[in-house]
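Colleague: Structure, please.
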Amino acid sequence: MASDPAAIADELQFVVGALVRRQRAVSPAAAVTLSQVSILKRLDRDGPYTVADLARLDKITHQSITVSVTSLVERSLVRRVPDPHDQRRKLLVITADGQRLLTERREAGHDNLTDAIASRLSRTEQAHLSGALGLLRRLLD
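Modeller: Now for the predicted structure:
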């Protein structure tokens, strides 16, 4: 096990990236792009936004967001509604189908990870992993 901070960082990035890719692979909504999932999550978490707001917040072009949003609207995962404060603007709102898709993705990933922890790690290893989570949280502070 490496004790050099740079080596630990390299391994952590690799492992977290692989874990995220595996979680995405078990998602029932594989036809939704990461950009589209990001939009759905933001709308679900923070409420309505305009396309321009989303582009600014995610630091990507208005055109890129527009392509993703158009697809989400066509699939009835997001809908456009008039802004009550400015009728010229349209707000994007996640639909019940969009929320259901996010819930299915979350549950599929959670179930997959729970099964992997339970079946591949001993009780002692599970305790070590639990302890490591506290350290990982400290990296976020």
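
Colleague: The residue nearest to the spatial centre of the chain sits in which helix or strand?
Modeller: Nearest residue to the geometric centre of the chain (CA atoms, centre = their mean): Ser38, 5.5 Å. In this structure, Ser38 is located in helix 34-46 according to DSSP states H and E.

Colleague: if you average pLDDT over that helix, what comes out?
Modeller: Mean pLDDT, computed over helix 34-46, is 93.

Colleague: do the same with stretch 61-71
Modeller: Mean predicted confidence for stretch 61-71 is 94.

Colleague: Give me the nearest residue to the residue nearest to the centre of the chain, chain neighbours excluded.
Modeller: Using CB to CB, 6 or more residues apart in numbering and skipping residues adjacent in sequence, the residue nearest Ser38 is Asp58, 6.7 Å away. The way it works is simple: take the backbone N, C-alpha and C, and place the C-beta from them, glycine included.

Colleague: residues near that neighbour, how many?
Modeller: Applying other CB atoms under 10 Å, we find 15 other residues in the vicinity of Asp58.

Colleague: ditto for Lys90
Modeller: Neighbour count of Lys90, defined by other CB under 10 Å: 16.

Colleague: where does it land in three-state SS?
Modeller: Here Lys90 is strand, with the state taken from DSSP: H, G, I helix; E, B strand; the rest coil.

Colleague: any idea how far the residue nearest to Ser38 is from Ala132?
Modeller: Separation of Asp58 from Ala132 (CB to CB, to the nearest Å): 30 Å.

Colleague: now the closest residue to Arg22 other than its chain neighbours: how far from Ile60?
Modeller: In this structure, Arg22 finds its nearest non-sequential neighbour in Asn112, 7.5 Å apart by CB to CB, 6+ apart. Distance of Asn112 to Ile60, computed by CB to CB: 29 Å.

Colleague: I am finished for the moment; much appreciated.
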